[in-house]
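Participant: from the sequence below, what's the structure:
(2 chains)
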Amino acid sequence: MYFDSLGEFLQMGSHAPWVWSAYGISLVLVVSNLWLAARAHRNVRARLAQWVADESLREKR
Amino acid sequence: MWQTLKHWYHLLGSPRHFYRISGLWLPWVTLLAVAGLAVGLVWGLAFAPPDYQQGNSYRIIFLHVPAASGALMGYLAMGVAGLVGLVWRMKMAEVAIKAIAPFGAVLTAVALITGSIWGKPTWGTYWVWDARLTSMLILLFLYLGIIALQNAIRDPRQAGRAAALLAVVGVINVVIVRYSVYWWHSLHQPRTIRITDETAMPAEMLAPLLICMFSIYLLFAVTVLIRARTEILWRERRSNWVREEVTG
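Facilitator: Residues are numbered from 1 along each chain as shown, chains lettered A, B, ... in the order given. Here you go, the predicted model:
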């Protein structure tokens, strides 16, 4: 490791605000986008499954 | 070679086959992307040496360059898909554009934001209206424009065609972004990674950067696969295989 301690690593040689804010904002953007994509997929699957279930119920009647 | 390409074109061009094959790929691509990002970012943030001029603020590069590169490659891929969609009326090409645009916009935003934050300690300003930064902002608007077009037109085929046209026309901006630092006087430095001549970067910085870049591409692929699968399910909702898929 280049840094001598965890404290030094977090300080980034006085560049901590720039480095960590850049990484933090990016992490939030990327992770939330992935989460939205996964959620949309689950929602569509659930909606279609419900649709098929409703249809087969109507057919039985 | 041509036969193999043709075989894959037809296989992946069929929504049903694409859905099945991408389902097999998805866990592995996700695993590789996450592992690669973890290795590349820890290496870049904690183990790579500092820059002799910029100190540690340069470590933003391990996100900034992969994000910018991914954003440009994503747009290029959309352009190719747009062309295929317009010329051969291939349904999957329209699905591809819809699947690429959201994460492409996110990567463009990440490149702009990280670049802006990096600019403050390096150039003394968050933003300048120079060619590289402005053309990158236009790239964000193009991505958002494509997403807006797809949502504004109700008929999916018509929306797909309009988005394909904008994707193809917008490729000109990718060329402008790429060469802006050579065509105009710019605060932004020229390319960091060069394939043809010797790279300006020492190996201990270049290695984690390349790992991050490769992993961001993979992560992009993960989001494209997920979104394409969602879109396919919805578009093919009346077919039997989708019924079996969602109830099975």
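
Participant: contacts only, for residue 48.
Facilitator: Defaulting to chain A. Each residue near residue A:48 by CB atoms under 8 Å, 6 or more residues apart in numbering or on different chains is listed here: B:233, B:234, B:237, B:242, B:243, B:246. Yep, even glycine has a C-beta here, placed from its N, CA and C like the rest.

Participant: try again with chain B
Facilitator: Applying CB under 8 Å, 6+ apart to residue B:48 gives the contacts A:2, B:59, B:62, B:204, B:205, B:208.

Participant: pLDDT value on the fifth one, please?
Facilitator: This means residue B:205. pLDDT for residue B:205: 92.

Participant: pretty sure it contacts residue B:52?
Facilitator: No: contact criterion CB atoms under 8 Å: residue B:205 and residue B:52 do not qualify, at 11.1 Å.

Participant: just the element for the residue most central in space within chain A, please.
Facilitator: Centrality entry for chain A: nearest residue to the mean C-alpha point is residue A:31, 3.0 Å, by CA atoms, centre = their mean. Assigned by DSSP states H and E, residue A:31 belongs to helix A:16-60.

Participant: quick revisit: distance of the residue nearest to the centre of chain A from residue B:219?
Facilitator: Counting by CB to CB, to the nearest Å, the gap from residue A:31 to residue B:219 is 10 Å.

Participant: buried residues, the lowest-mean-pLDDT helix or strand in chain A. List them.
Facilitator: Lowest by mean pLDDT, DSSP states H and E among the helices and strands of chain A is helix A:6-11, with a mean of 90. Neighbour counts over helix A:6-11 (16 or more other CB atoms under 10 Å in any protein chain shown) mark residue A:9 as buried.

Participant: same for it, what does it pack against?
Facilitator: If you count contacts as 3 or more CB pairs under 8 Å, 6 or more residues apart in numbering or on different chains; DSSP states H and E, helix A:6-11 packs onto no helix or strand.

Participant: what sits up against it?
Facilitator: Under CB under 8 Å, 6+ apart, the answer for helix A:6-11 is A:1, A:3, A:16, A:20, B:45, B:46.

Participant: do you know how far the last one is from chain A?
Facilitator: Plainly put, residue B:46 is 5 Å away from chain A if you go by CB to the nearest CB, to the nearest Å.

Participant: any idea how many residues pack against that residue?
Facilitator: For residue B:46, the count of nearby residues is 14 (other CB atoms under 10 Å in any protein chain shown).

Participant: so it touches residue A:5, yeah?
Facilitator: No: Residue B:46 lies out of contact with residue A:5 (CB under 8 Å); the separation is 11.4 Å.

Participant: please consider this matter closed, and thank you.
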